[in-house]
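A.B. asks: For reference, the sequence and a predicted model appear below.
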Amino acid sequence: MAIMLAGMVLRYWAVSTLGAAFRTTIETDKDQKVISTGPYALIRHPSYCGWLLMCCGYGVAMQNWLSLLAAVLLPLAALLYRIHVEEKALAASLGPEYVEYQKRTKKLIPWVW
């Protein structure tokens, strides 16, 4: 439950940091800037990281290794595809500022990946 709660808190923090820039679709506003504060200072996709933590917590709660693997690997596969598409769109839309942001932050796990 603690892992799921940590994921919920991280996801909420990420969404509230983006504010009006948060979208469920892959799009940007004309005057949108790169957000690099809050959880975005360490990772580019903290909302997805929070979602994966919630999935991991669910898998652990099931007390079965197969459940844990399924609960994490299936959403991870979908998220990796979405991240790939999203990062291409953000780099195209936000330009060099986003490319520099990519170079100094990790994708999902701070200091690791």
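C.D. replies: Great, that's in hand.

A.B. asks: Can you show me the helices along this protein?
C.D. replies: Taking DSSP state H as the criterion, the chain contains helices spanning 2-18, 46-61, 65-94, 96-104.

A.B. asks: how far off helix 96-104 does the longest one point, in degrees?
C.D. replies: Just to be clear, that refers to helix 65-94. Regarding helix 65-94 and helix 96-104, their directions subtend 150 degrees when assessed with axes from the mean of the first three to the mean of the last three Cα atoms, to 10 degrees.

A.B. asks: and helix 65-94, which residues are buried?
C.D. replies: L68, A71, V72, P75, L76, L79, E86, E87, L90 (16 or more other Cβ atoms under 10 Å). Heads up, the C-betas are built off the backbone N, CA and C, glycines and all.

A.B. asks: residues in contact with the fourth one?
C.D. replies: With contacts defined as Cβ atoms under 8 Å, 6 or more residues apart in numbering, the neighbours of P75 are W51, L52, C55.

A.B. asks: Dump the helices of the chain into CSV; add distance to D29 as well.
C.D. replies: Supplementary listing: these in CSV, determined by distance: least, Cβ to Cβ, whole Å:
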stretch, distance to D29
helix 2-18, 11
helix 46-61, 18
helix 65-94, 9
helix 96-104, 14
